[in-house]
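Sharing a model prediction with you, sequence too.
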Amino acid sequence: MMNKQVVIGCRICKDFYEITNGFIQIPNHLLLLTAYEPPDLDMLFYNNHTCTLCEQTLYITPMLYQFFVEFTLKPFDVTVHETSIGIKDSTNEGEMDLNEKEFYIKGVNTSRDLLTNDNDLSLLSDVMEEFNYKSWIISVDTLD
Ligand SMILES: [Zn+2]
């Protein structure tokens, strides 16, 4: 069993501090990305996630919580980008376009069915309906 973590970050602050990189020093105690391991998810659900820089809050809805709990048990990693969601494991990689809600496999030797299934993609699609991916960065990835 691979160890997974949920990583949440504020996209607005990340973009801002990347653009102004070199002009503004971020104090060490302020983090752009916060990692939550599976035992932390109940507390995350209870407390929500607040950006340490701009103090906007990501409210963890029951569906977002379900997504975190289920996807920390999957063999693949998920990254939510601004217009798409990337899914990959050690050999297969795919991407769901958030406008078209279509899933595309990347590369010649990859298989959608080995990577994921309709239930995963349908949950992802539902979660994105109520998650503001323009404001937040989210990934579920494998701990090194
Ligand atoms: Zn922020």
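All right, it came through fine.

neighbouring contacts of the longest helix seen in the chain?
Among the segments of the chain that qualify as a helix by DSSP state H, the longest is helix 118-130. If you take CB atoms under 8 Å, 6 or more residues apart in numbering as the criterion, helix 118-130 is touched by 61, 63-64, 66-67, 70-71, 74, 78, 80, 85, 87, 96, 98, 101, 103. For every residue, glycine as well, the C-beta is placed using N, CA and C.

Residue 7 and the ion: what is the separation?
15 Å (CB to the ion, to the nearest Å).

next one: residue 68
Relative to the ion, and taking CB to the ion, residue 68 is found at 20 Å.

again, but for residue 91
35 Å.

ranges for the helices of the chain?
11-19, 41-47, 62-71, 112-115, 118-130.

buried ones in the fourth one?
Read that as helix 112-115. Within helix 112-115, the residues scored as buried using 16 or more other CB atoms under 10 Å are residue 115.

try stretch 121-137
In terms of neighbour count (16+ other CB under 10 Å), stretch 121-137 has its buried residues at 121, 124, 127, 128, 131, 133, 136, 137.

Could you do stretch 87-94 as well?
For stretch 87-94, by 16+ other CB under 10 Å, it's 87, 88, 89, 92, 93, 94.

does the ion sit close to the helix or strand bottoming out on mean pLDDT in the chain?
Lowest by mean pLDDT, DSSP states H and E among the helices and strands of the chain is helix 11-19, with a mean of 80. Yes. Using CB under 5 Å from the ion, helix 11-19 reaches the ion at residue 13.

Spell out which parts of the protein neighbour the ion.
10, 13, 51, 53, 54.

top of these by neighbour count?
residue 10 (26 neighbours; other CB atoms under 10 Å).
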